[in-house]
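Trainee: sequence isn't available, so here's the structure alone:
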């Protein structure tokens, strides 16, 4: 489940415009590289009508897609389908959590990433045990646990 959340957060980054993104005239379809055109083929008919910021995000996403191996592409595609099927309220909650993460100082972001990797490497039964423990906590207990783990560098759970 943890890697799914990460992939969903990354997908949110691809789909959400960044504040202060420079306006530009966009890139005409015929100026895309053949590889970009291949990956972005579903957008060919409407490319010229897309806002320049969306074109740029799609181009960057196409570059990342091209760099993935087949297994990574399969996982990303499955994650995108799961994201697409989420209710709007859940997508909003994920976006808000991502924004809160982005507001953390870099050293705390690094600790959260480290603990996320740690959690993903646990055996499935241990991950499930921790998830159940987390679900059993009251909101205030969760907040205190999160704060303690960020301060002390212990595991941070509770996606």
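Mentor: Everything's here; your move. Since the model is a prediction, treat every value here as computed from it, not as a measurement.
Trainee: now the helices for this structure?
Mentor: For the chain, the helices defined by DSSP state H cover 2-15, 34-39, 52-67, 70-85, 88-103, 106-121, 124-135, 139-152.
Trainee: the shortest one packs against which elements?
Mentor: For helix 34-39, the elements it packs on are helix 52-67, judged by 3 or more CB pairs under 8 Å, 6 or more residues apart in numbering; DSSP states H and E. Backbone N, C-alpha and C define where each C-beta goes, glycine included.
Trainee: mind checking how far the helix it packs on is from the chain centre?
Mentor: Chain-centre distance of helix 52-67: 15 Å, with CA atoms, centre = their mean, to the nearest Å.
Trainee: likewise for stretch 137-151?
Mentor: 23 Å.
Trainee: list the buried residues in stretch 102-113.
Mentor: Residues 111-112 are the ones in stretch 102-113 that count as buried (16 or more other CB atoms under 10 Å).
Trainee: cool, and stretch 113-124?
Mentor: Within stretch 113-124, the residues scored as buried using 16+ other CB under 10 Å are 115-116, 119.
Trainee: same deal with stretch 130-145?
Mentor: In stretch 130-145, the ones that count as buried by 16+ other CB under 10 Å are 131, 145.
Trainee: how long is that stretch end to end?
Mentor: 12 Å (CA to CA, to the nearest Å).
Trainee: chain center to it, what's the gap?
Mentor: 23 Å.
Trainee: stretch 88-95 now?
Mentor: 12 Å.
Trainee: for residue 26, which non-adjacent residue is closest in space?
Mentor: When the adjacent residues along the chain are set aside, residue 26 lies closest to residue 52, with 3.8 Å between them (CB to CB, 6 or more residues apart in numbering).
Trainee: can you give me every residue that contacts residue 40?
Mentor: 32, 47, 58-59, 62 (CB atoms under 8 Å, 6 or more residues apart in numbering).
Trainee: report pLDDT for the residue of the chain most remote from its centre.
Mentor: Distance from the centre of the chain peaks at residue 30, with 29.9 Å (CA atoms, centre = their mean). For residue 30, the pLDDT comes out at 92.
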